[in-house]
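Asker: have a look at this fold, sequence not included:
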(Lines give C-alpha, C1' and ligand atoms only; values in the text may rest on other atoms or scores of the structure.)
Protein backbone atom coordinates (compact mmCIF):
# COMPACT_ATOMS: atom_id res chain seq x y z
CA UNK A 1 0.00 0.00 0.00
CA UNK A 2 1.18 3.49 -0.70
CA UNK A 3 2.81 5.61 1.95
CA UNK A 4 0.64 8.19 3.71
CA UNK A 5 3.37 10.84 3.35
CA UNK A 6 0.93 13.22 1.63
CA UNK A 7 -2.08 12.89 3.97
CA UNK A 8 -1.84 16.57 4.97
CA UNK A 9 -2.62 17.87 1.49
CA UNK A 10 -6.08 19.34 1.10
CA UNK A 11 -8.58 17.75 -1.25
CA UNK A 12 -9.48 19.93 -4.21
CA UNK A 13 -5.98 21.40 -4.39
CA UNK A 14 -4.43 18.69 -6.50
CA UNK A 15 -0.68 18.63 -6.61
CA UNK A 16 1.10 19.19 -9.90
CA UNK A 17 3.86 16.70 -9.40
CA UNK A 18 5.97 15.98 -12.47
CA UNK A 19 5.13 19.28 -14.16
CA UNK A 20 7.17 21.33 -11.75
CA UNK A 21 5.41 21.42 -8.41
CA UNK A 22 7.37 18.32 -7.41
CA UNK A 23 11.15 18.86 -7.76
CA UNK A 24 14.20 17.19 -6.34
CA UNK A 25 16.63 19.26 -4.31
CA UNK A 26 19.66 19.07 -6.55
CA UNK A 27 21.63 21.43 -4.33
CA UNK A 28 21.22 19.09 -1.38
CA UNK A 29 22.26 16.11 -3.47
CA UNK A 30 25.36 17.95 -4.66
CA UNK A 31 26.22 18.73 -1.05
CA UNK A 32 25.94 15.08 -0.12
CA UNK A 33 22.59 15.49 1.60
CA UNK A 34 19.40 13.57 0.95
CA UNK A 35 17.37 15.39 -1.72
CA UNK A 36 14.11 16.91 -0.49
CA UNK A 37 10.75 17.16 -2.18
CA UNK A 38 9.07 20.53 -2.68
CA UNK A 39 5.31 20.44 -3.17
CA UNK A 40 3.31 23.50 -4.17
CA UNK A 41 0.04 22.88 -2.35
CA UNK A 42 -1.53 26.12 -3.62
CA UNK A 43 -1.45 25.01 -7.24
CA UNK A 44 -4.81 23.80 -8.53
CA UNK A 45 -4.16 21.06 -11.04
CA UNK A 46 -6.72 20.04 -13.67
CA UNK A 47 -6.35 16.96 -15.85
CA UNK A 48 -8.41 16.98 -19.02
CA UNK A 49 -8.71 15.68 -22.55
CA UNK A 50 -9.77 17.31 -25.81
CA UNK A 51 -12.03 15.62 -28.34
CA UNK A 52 -13.35 16.52 -31.77
CA UNK A 53 -17.00 17.52 -31.60
CA UNK A 54 -17.66 15.41 -34.68
CA UNK A 55 -16.54 11.84 -34.28
CA UNK A 56 -15.20 12.23 -30.76
CA UNK A 57 -11.56 11.55 -31.63
CA UNK A 58 -8.97 12.49 -29.04
CA UNK A 59 -6.93 15.57 -30.00
CA UNK A 60 -3.26 15.43 -28.91
CA UNK A 61 -0.40 17.91 -29.45
CA UNK A 62 -2.15 21.14 -28.47
CA UNK A 63 -0.13 23.81 -26.69
CA UNK A 64 -0.61 26.08 -23.70
CA UNK A 65 -1.61 29.06 -25.85
CA UNK A 66 -4.52 27.06 -27.28
CA UNK A 67 -6.35 27.23 -23.94
CA UNK A 68 -8.00 29.87 -21.76
CA UNK A 69 -8.92 29.06 -18.16
CA UNK A 70 -11.69 30.57 -16.04
CA UNK A 71 -12.62 30.11 -12.38
CA UNK A 72 -16.06 31.39 -11.39
CA UNK A 73 -16.04 33.41 -14.60
CA UNK A 74 -12.71 35.12 -13.95
CA UNK A 75 -9.78 34.39 -16.22
CA UNK A 76 -6.83 32.72 -14.53
CA UNK A 77 -3.15 32.61 -15.43
CA UNK A 78 -2.00 29.17 -16.53
CA UNK A 79 1.26 28.61 -14.67
CA UNK A 80 1.85 24.96 -15.51
CA UNK A 81 0.99 23.15 -18.71
CA UNK A 82 1.98 19.66 -19.68
CA UNK A 83 1.07 16.93 -22.12
CA UNK A 84 3.19 14.55 -20.12
CA UNK A 85 0.98 11.78 -18.72
CA UNK A 86 3.88 10.08 -17.01
CA UNK A 87 2.41 11.09 -13.66
CA UNK A 88 1.70 8.09 -11.42
CA UNK A 89 -1.78 6.69 -11.91
CA UNK A 90 -3.97 5.49 -9.07
CA UNK A 91 -6.87 3.53 -10.50
CA UNK A 92 -9.92 1.98 -8.87
CA UNK A 93 -12.02 -0.53 -10.79
CA UNK A 94 -15.57 -0.83 -9.40
CA UNK A 95 -17.63 -3.72 -10.75
CA UNK A 96 -21.36 -4.24 -10.32
CA UNK A 97 -22.09 -7.83 -9.23
CA UNK A 98 -25.81 -7.43 -8.53
CA UNK A 99 -28.30 -9.89 -10.01
CA UNK A 100 -28.75 -7.86 -13.20
CA UNK A 101 -25.01 -8.12 -13.96
CA UNK A 102 -24.20 -11.72 -13.00
CA UNK A 103 -24.26 -13.10 -16.54
CA UNK A 104 -21.76 -10.45 -17.69
CA UNK A 105 -19.10 -11.17 -15.07
CA UNK A 106 -17.06 -13.68 -17.10
CA UNK A 107 -16.69 -11.14 -19.93
CA UNK A 108 -15.83 -8.40 -17.44
CA UNK A 109 -13.23 -10.56 -15.71
CA UNK A 110 -11.36 -11.32 -18.95
CA UNK A 111 -11.47 -7.77 -20.32
CA UNK A 112 -10.47 -6.19 -16.99
CA UNK A 113 -7.50 -8.53 -16.66
CA UNK A 114 -6.20 -7.49 -20.08
CA UNK A 115 -6.79 -3.83 -19.20
CA UNK A 116 -4.77 -4.07 -15.98
CA UNK A 117 -1.92 -5.79 -17.82
CA UNK A 118 -1.80 -3.00 -20.40
CA UNK A 119 -2.32 0.12 -18.29
CA UNK A 120 -0.58 -0.55 -14.95
CA UNK A 121 3.11 0.39 -14.90
CA UNK A 122 5.59 -0.12 -12.04
CA UNK A 123 4.88 3.29 -10.48
CA UNK A 124 1.09 2.97 -10.85
CA UNK A 125 -1.27 1.30 -8.41
CA UNK A 126 -4.78 -0.08 -8.64
CA UNK A 127 -7.44 -1.57 -6.43
CA UNK A 128 -10.58 -3.58 -7.12
CA UNK A 129 -14.01 -3.20 -5.48
CA UNK A 130 -17.19 -5.11 -6.20
CA UNK A 131 -20.60 -3.82 -5.24
CA UNK A 132 -24.07 -5.30 -5.01
CA UNK A 133 -25.83 -5.79 -1.71
CA UNK A 134 -22.48 -4.93 -0.09
CA UNK A 135 -19.26 -3.23 -1.10
CA UNK A 136 -16.31 -5.61 -1.14
CA UNK A 137 -12.60 -4.79 -1.42
CA UNK A 138 -11.26 -7.65 -3.50
CA UNK A 139 -7.74 -6.26 -3.93
CA UNK A 140 -6.08 -3.37 -2.13
CA UNK A 141 -3.42 -1.16 -3.72
CA UNK A 142 -0.97 -3.06 -5.89
CA UNK A 143 1.04 -2.49 -9.06
CA UNK A 144 0.91 -6.20 -9.87
CA UNK A 145 -1.38 -7.16 -12.77
CA UNK A 146 -0.96 -10.74 -11.56
CA UNK A 147 -2.52 -9.96 -8.16
CA UNK A 148 -5.29 -7.95 -9.78
CA UNK A 149 -6.07 -10.81 -12.15
CA UNK A 150 -6.11 -13.23 -9.22
CA UNK A 151 -8.60 -10.97 -7.43
CA UNK A 152 -10.77 -10.89 -10.54
CA UNK A 153 -11.02 -14.68 -10.31
CA UNK A 154 -12.80 -14.16 -6.97
CA UNK A 155 -15.41 -12.03 -8.72
CA UNK A 156 -18.77 -13.79 -8.62
CA UNK A 157 -22.42 -12.89 -8.50
CA UNK A 158 -23.80 -11.17 -5.41
CA UNK A 159 -23.53 -13.26 -2.27
CA UNK A 160 -20.66 -15.42 -3.57
CA UNK A 161 -17.74 -13.00 -3.42
CA UNK A 162 -14.66 -14.08 -1.47
CA UNK A 163 -12.62 -10.93 -0.82
CA UNK A 164 -10.67 -9.10 1.83
CA UNK A 165 -13.91 -8.05 3.49
CA UNK A 166 -16.61 -5.42 3.38
CA UNK A 167 -15.48 -1.82 3.17
CA UNK A 168 -16.91 -0.08 6.26
CA UNK A 169 -19.43 2.69 5.70
CA UNK A 170 -18.78 5.62 8.04
CA UNK A 171 -21.70 6.61 10.25
CA UNK A 172 -22.26 9.90 8.46
CA UNK A 173 -24.60 11.21 5.84
CA UNK A 174 -28.21 10.33 5.17
CA UNK A 175 -29.45 6.98 6.45
CA UNK A 176 -31.80 4.99 4.23
CA UNK A 177 -35.38 4.64 5.36
CA UNK A 178 -36.32 1.48 7.23
CA UNK A 179 -37.17 -1.27 4.79
CA UNK A 180 -35.24 0.24 1.87
CA UNK A 181 -34.00 -2.77 -0.12
CA UNK A 182 -30.26 -3.09 -0.67
CA UNK A 183 -29.50 -4.41 -4.11
CA UNK A 184 -26.93 -2.27 -5.92
CA UNK A 185 -24.86 0.04 -3.72
CA UNK A 186 -23.40 2.04 -6.61
CA UNK A 187 -23.22 5.43 -4.91
CA UNK A 188 -21.84 3.93 -1.71
CA UNK A 189 -19.07 2.23 -3.70
CA UNK A 190 -18.11 5.50 -5.41
CA UNK A 191 -18.14 7.42 -2.13
CA UNK A 192 -15.99 4.83 -0.38
CA UNK A 193 -13.53 4.53 -3.26
CA UNK A 194 -13.13 8.30 -3.34
CA UNK A 195 -13.10 9.06 0.36
CA UNK A 196 -11.38 5.99 1.79
CA UNK A 197 -8.97 5.07 -1.01
CA UNK A 198 -8.24 7.98 -3.38
CA UNK A 199 -8.51 11.14 -1.29
CA UNK A 200 -5.00 10.97 0.19
CA UNK A 201 -3.23 9.91 -3.01
CA UNK A 202 -1.35 12.23 -5.37
CA UNK A 203 -0.89 12.20 -9.13
CA UNK A 204 -3.52 11.08 -11.59
CA UNK A 205 -6.56 9.40 -10.03
CA UNK A 206 -9.44 7.65 -11.75
CA UNK A 207 -12.34 5.33 -11.10
CA UNK A 208 -13.68 2.98 -13.75
CA UNK A 209 -17.25 1.79 -13.15
CA UNK A 210 -18.80 -1.23 -14.87
CA UNK A 211 -22.56 -1.12 -14.24
CA UNK A 212 -25.99 -0.58 -15.73
CA UNK A 213 -26.23 2.52 -13.57
CA UNK A 214 -29.13 1.46 -11.37
CA UNK A 215 -28.68 2.14 -7.66
CA UNK A 216 -30.79 0.50 -5.00
CA UNK A 217 -30.38 1.04 -1.28
CA UNK A 218 -27.22 3.17 -1.05
CA UNK A 219 -26.67 5.21 2.10
CA UNK A 220 -25.25 8.04 -0.02
CA UNK A 221 -26.93 9.69 -2.98
CA UNK A 222 -25.57 10.72 -6.36
CA UNK A 223 -24.77 14.26 -5.22
CA UNK A 224 -22.70 13.00 -2.28
CA UNK A 225 -20.92 10.53 -4.55
CA UNK A 226 -20.03 13.29 -7.03
CA UNK A 227 -18.84 15.58 -4.24
CA UNK A 228 -16.61 12.85 -2.81
CA UNK A 229 -15.08 12.20 -6.23
CA UNK A 230 -14.48 15.91 -6.80
CA UNK A 231 -12.89 16.36 -3.38
CA UNK A 232 -10.55 13.45 -4.10
CA UNK A 233 -9.72 14.89 -7.55
CA UNK A 234 -10.74 11.60 -9.17
CA UNK A 235 -12.07 11.23 -12.70
CA UNK A 236 -14.99 8.83 -13.16
CA UNK A 237 -15.08 6.74 -16.33
CA UNK A 238 -18.41 4.94 -16.60
CA UNK A 239 -18.92 1.78 -18.62
CA UNK A 240 -22.64 1.40 -19.25
CA UNK A 241 -23.18 -2.34 -19.62
CA UNK A 242 -26.71 -3.74 -19.60
CA UNK A 243 -27.87 -7.36 -19.72
CA UNK A 244 -31.11 -6.75 -21.56
CA UNK A 245 -31.86 -10.47 -21.51
CA UNK A 246 -31.96 -10.47 -17.71
CA UNK A 247 -34.57 -7.74 -17.57
CA UNK A 248 -36.61 -9.29 -20.38
CA UNK A 249 -36.64 -12.74 -18.76
CA UNK A 250 -37.67 -11.20 -15.43
CA UNK A 251 -40.40 -9.15 -17.05
CA UNK A 252 -38.74 -6.01 -15.76
CA UNK A 253 -37.60 -2.73 -17.17
CA UNK A 254 -34.11 -1.74 -16.05
CA UNK A 255 -30.72 -0.54 -17.06
CA UNK A 256 -31.94 3.02 -17.13
CA UNK A 257 -29.02 4.52 -15.25
CA UNK A 258 -27.15 5.99 -18.21
CA UNK A 259 -28.22 9.51 -17.29
CA UNK A 260 -26.89 9.20 -13.74
CA UNK A 261 -23.60 7.80 -15.01
CA UNK A 262 -23.30 10.74 -17.40
CA UNK A 263 -23.87 13.22 -14.56
CA UNK A 264 -21.05 11.69 -12.52
CA UNK A 265 -18.62 11.41 -15.40
CA UNK A 266 -19.33 14.90 -16.74
CA UNK A 267 -18.87 16.48 -13.32
CA UNK A 268 -15.46 14.86 -12.83
CA UNK A 269 -14.04 15.16 -16.34
CA UNK A 270 -14.67 11.59 -17.39
CA UNK A 271 -16.67 9.93 -20.12
CA UNK A 272 -19.48 7.37 -20.50
CA UNK A 273 -18.81 4.37 -22.73
CA UNK A 274 -21.66 2.11 -23.83
CA UNK A 275 -21.09 -1.59 -24.43
CA UNK A 276 -23.10 -3.24 -27.18
CA UNK A 277 -22.59 -5.76 -29.97
CA UNK A 278 -20.73 -3.25 -32.13
CA UNK A 279 -18.76 -1.87 -29.20
CA UNK A 280 -17.52 -4.76 -27.02
CA UNK A 281 -16.05 -4.33 -23.56
CA UNK A 282 -12.44 -4.96 -24.58
CA UNK A 283 -12.66 -2.06 -27.07
CA UNK A 284 -14.07 0.19 -24.35
CA UNK A 285 -11.14 -0.61 -22.06
CA UNK A 286 -8.76 0.21 -24.92
CA UNK A 287 -10.47 3.59 -25.38
CA UNK A 288 -10.11 4.36 -21.67
CA UNK A 289 -6.45 3.42 -21.87
CA UNK A 290 -6.01 5.75 -24.86
CA UNK A 291 -7.70 8.59 -22.97
CA UNK A 292 -5.46 8.12 -19.93
CA UNK A 293 -2.46 8.41 -22.25
CA UNK A 294 -3.70 11.58 -23.98
CA UNK A 295 -4.42 13.87 -21.05
CA UNK A 296 -3.34 17.47 -20.62
CA UNK A 297 -2.49 19.02 -17.29
CA UNK A 298 -3.08 22.66 -16.35
CA UNK A 299 -1.88 24.13 -13.07
CA UNK A 300 -2.77 27.57 -11.76
CA UNK A 301 -2.89 29.57 -8.55
CA UNK A 302 -6.39 30.91 -8.03
CA UNK A 303 -6.90 34.66 -7.85
CA UNK A 304 -9.28 33.87 -4.97
CA UNK A 305 -6.98 32.98 -2.03
CA UNK A 306 -9.79 32.04 0.37
CA UNK A 307 -9.86 28.40 1.44
CA UNK A 308 -13.44 28.50 2.64
CA UNK A 309 -14.59 25.10 1.39
CA UNK A 310 -16.77 26.54 -1.33
CA UNK A 311 -17.12 24.98 -4.76
CA UNK A 312 -15.28 26.86 -7.50
CA UNK A 313 -16.55 26.43 -11.05
CA UNK A 314 -13.90 25.85 -13.71
CA UNK A 315 -14.15 26.29 -17.46
CA UNK A 316 -11.37 25.53 -19.93
CA UNK A 317 -11.85 26.93 -23.42
CA UNK A 318 -9.95 25.82 -26.50
CA UNK A 319 -9.40 28.16 -29.45
CA UNK A 320 -10.66 25.72 -32.07
CA UNK A 321 -14.49 25.67 -32.27
CA UNK A 322 -14.37 22.14 -33.67
CA UNK A 323 -12.94 20.80 -30.40
CA UNK A 324 -14.50 20.08 -27.03
CA UNK A 325 -12.68 20.13 -23.68
CA UNK A 326 -13.55 17.26 -21.36
CA UNK A 327 -12.70 18.41 -17.82
CA UNK A 328 -14.22 18.39 -14.36
CA UNK A 329 -16.55 21.29 -13.70
CA UNK A 330 -14.83 22.56 -10.56
CA UNK A 331 -13.18 21.86 -7.22
CA UNK A 332 -13.68 22.47 -3.50
CA UNK A 333 -11.35 25.12 -2.09
CA UNK A 334 -10.59 23.39 1.20
CA UNK A 335 -7.75 24.31 3.51
CA UNK A 336 -4.62 22.21 3.31
CA UNK A 337 -5.22 20.79 6.78
CA UNK A 338 -8.80 19.73 6.08
CA UNK A 339 -9.57 16.25 4.80
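Answerer: That came through fine. All figures in this text were calculated on a predicted structure; none of them were measured in a lab. Residues are numbered from 1 along each chain as shown.
Asker: once you drop chain neighbours, what's closest to residue 203?
Answerer: residue 88 (3.9 Å; CB to CB, 6 or more residues apart in numbering). No exception for glycine: its C-beta is placed from N, CA and C like everyone else's.
Asker: distance of that neighbour relative to residue 142?
Answerer: With the distance defined as CB to CB, to the nearest Å, residue 88 ends up 14 Å from residue 142.
Asker: okay, and the common contacts of the two?
Answerer: Shared contacts of residue 88 and residue 142 (CB atoms under 8 Å, 6 or more residues apart in numbering): residue 125.
Asker: quick one: contacts for the residue nearest to residue 203?
Answerer: Contacts of residue 88 (CB under 8 Å, 6+ apart): 17, 123-125, 202-204.
Asker: residue 98 too?
Answerer: Residue 98 neighbours (CB under 8 Å, 6+ apart): 131-133, 158, 183-184, 214, 216.
Asker: adding pLDDT, secondary structure and distance to residue 240, write those out as CSV.
Answerer: Shown next, in CSV, are those (pLDDT from 0 to 100; DSSP: H, G, I helix; E, B strand; the rest coil; distance: CB to CB, whole Å):
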residue, pLDDT, secondary structure, distance to residue 240
131, 95, strand, 16
132, 93, coil, 17
133, 92, coil, 21
158, 80, coil, 19
183, 79, coil, 18
184, 90, strand, 14
214, 90, coil, 11
216, 91, strand, 17
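Asker: among those, which one has the most neighbours?
Answerer: For the contacts of residue 98, the largest neighbour count, defined by other CB atoms under 10 Å, is 29 neighbours, found at residue 131.
Asker: that one touches residue 101, doesn't it?
Answerer: No - under the criterion of CB atoms under 8 Å, residue 131 is not in contact with residue 101, lying 9.9 Å apart.
Asker: neighbouring contacts of the strand or helix carrying residue 70?
Answerer: Element membership of residue 70, judged by DSSP states H and E, is strand 67-71. Here strand 67-71 makes contact (CB under 8 Å, 6+ apart) with 46, 75-76, 78, 81, 296, 298, 300, 302-304, 312-319, 325.
Asker: who's in contact with the helix or strand following it?
Answerer: Using DSSP H and E, the next helix or strand after strand 67-71 towards the C-terminus is strand 74-76. By CB under 8 Å, 6+ apart, the residues outside strand 74-76 that reach it are 68-70, 300, 302-304.
Asker: for the residue lying closest to residue 143 once chain neighbours are set aside, give its distance to residue 275.
Answerer: Distances taken as CB to CB, 6+ apart place residue 125 nearest to residue 143, at 5.2 Å, with adjacent residues excluded. Here the criterion is CB to CB. By it, residue 125 lies 26 Å from residue 275.
Asker: same question for residue 290.
Answerer: Taken as CB to CB, the span from residue 290 to residue 275 is 16 Å.
Asker: these two - which one has more neighbours?
Answerer: A direct count of neighbours by other CB under 10 Å for residue 290 and residue 275 places residue 275 higher, at 21 against 13.
Asker: element containing the residue nearest the centre of the chain?
Answerer: For the chain, the residue sitting closest to the mean C-alpha position, by CA atoms, centre = their mean, is residue 206 at 2.5 Å. Assigned by DSSP H and E, residue 206 belongs to strand 204-211.
Asker: that strand packs against which elements?
Answerer: Other helices and strands packing on strand 204-211, by 3 or more CB pairs under 8 Å, 6 or more residues apart in numbering; DSSP states H and E, are strand 89-96, helix 186-192, strand 235-240, helix 281-292.
Asker: so for the second one, mean pLDDT?
Answerer: Just to be clear, that refers to helix 186-192. For helix 186-192, mean pLDDT rounds to 97.
Asker: elements contacting it?
Answerer: Under the contact criterion of 3+ CB pairs under 8 Å, 6+ apart, helix 186-192 touches strand 89-96, strand 125-131, strand 135-142, strand 204-211, helix 222-231.
Asker: what stretches of the stretch 51-200 of the chain score poorly on pLDDT?
Answerer: 84-85, 159-182 (pLDDT under 70).
Asker: typed the wrong thing, it's the stretch 201-339 of the chain
Answerer: 247-255, 336-339.
Asker: circling back: need the contact partners of the strand holding residue 206.
Answerer: Counting by CB under 8 Å, 6+ apart, 47, 85, 87-96, 101, 108, 112, 184, 186, 190, 193-194, 198, 229, 232-241, 257, 261, 270, 281, 288, 292, 295 sit against strand 204-211.
Asker: partners of it in the sheet?
Answerer: Taking DSSP bridges as the criterion, strand 204-211 sits next to strand 89-96 (parallel), strand 235-240 (parallel) in its sheet.
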